[in-house]
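> When you get a sec, could you give me coordinates for this:
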Amino acid sequence: MNCRLYKLYQKIDRLTAVNAHFTMHTWNFSDENVVNLFKKMSSADQEIFKFDLAALNWESYVADYYMGIRQFILKDEIATVPAARKRYNRYNFSLDKATALFDLNGFGGYFNWRV
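You can find the predicted model right below:
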């Protein structure tokens, strides 16, 4: 088997095993206590302790989240990130071209291929 594909398979397998417990169960969360706490706080404390998720920089949060998965779960070196981004951008460019090709042929309504 191709060594590169085998390493990719190992990463996918490890990630699947780590997440199995969390993806195979139903989880119900309630934020009632947090909402009540926020309502009881003074306006000064509300400014210090930000509870509004709409104000969260989601792009930065998700980038940090994925870096944590790469570093601590997949055990990837941080030094591999630039090469991975380059491969991703190349893949994304190819996907955009393939999607455009299908759109030109009138298949655009049938396919929704965004990663």
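> ok, now how distant is the residue sitting furthest away from the middle of the chain from Ile12?
Most distant from the centre of the chain: Ser42, at 34.5 Å, with distances by CA atoms, centre = their mean. Distance of Ser42 to Ile12, given as CB to CB, to the nearest Å: 48 Å. Any C-beta I mention is one placed from the backbone N, CA and C, and that applies to glycine too.
> what do you get for Asn92?
Separation of Asn92 from Ile12 (CB to CB): 19 Å.
> and the gap between the residue farthest from the centre of the chain and Ala83?
As judged by CB to CB, Ser42 and Ala83 stand 49 Å apart.
> and if you look at Trp58?
According to CB to CB, Trp58 and Ala83 sit 26 Å apart.
> Could you do Phe51 as well?
Taken as CB to CB, the span from Phe51 to Ala83 is 39 Å.
> Same drill for these two, tell me which one is more crowded.
More neighbours surround Phe51 than the other of Phe51 and Ala83, with 13 against 9 (other CB atoms under 10 Å).
> Is the more buried one in a helix, a strand, or coil?
Under DSSP: H, G, I helix; E, B strand; the rest coil, Phe51 falls in the coil class.
> Next one: the closest residue to it other than its chain neighbours, what pLDDT does it get?
Using CB to CB, 6 or more residues apart in numbering and skipping residues adjacent in sequence, the residue nearest Phe51 is Phe38, 4.7 Å away. Looking at Phe38, its pLDDT stands at 90.
> do the same with Trp58
90.
> Residue numbering should commence at 37 henceforth.
Let's use 37 as the start, then, which means that last one is Trp94.
> count of neighbours near it?
Using other CB under 10 Å, Trp94 has 11 other residues around it.
> What's the end-to-end length of stretch 87-97?
15 Å (CA to CA, to the nearest Å).
> And the contacts of that stretch?
For stretch 87-97, contacts defined as CB atoms under 8 Å, 6 or more residues apart in numbering pick out 70, 74, 86.
> Among those residues, which one lies nearest to Thr52?
Taking CB to CB as the measure, Thr52 lies nearest Val70 of the contacts of stretch 87-97, at 31.3 Å.
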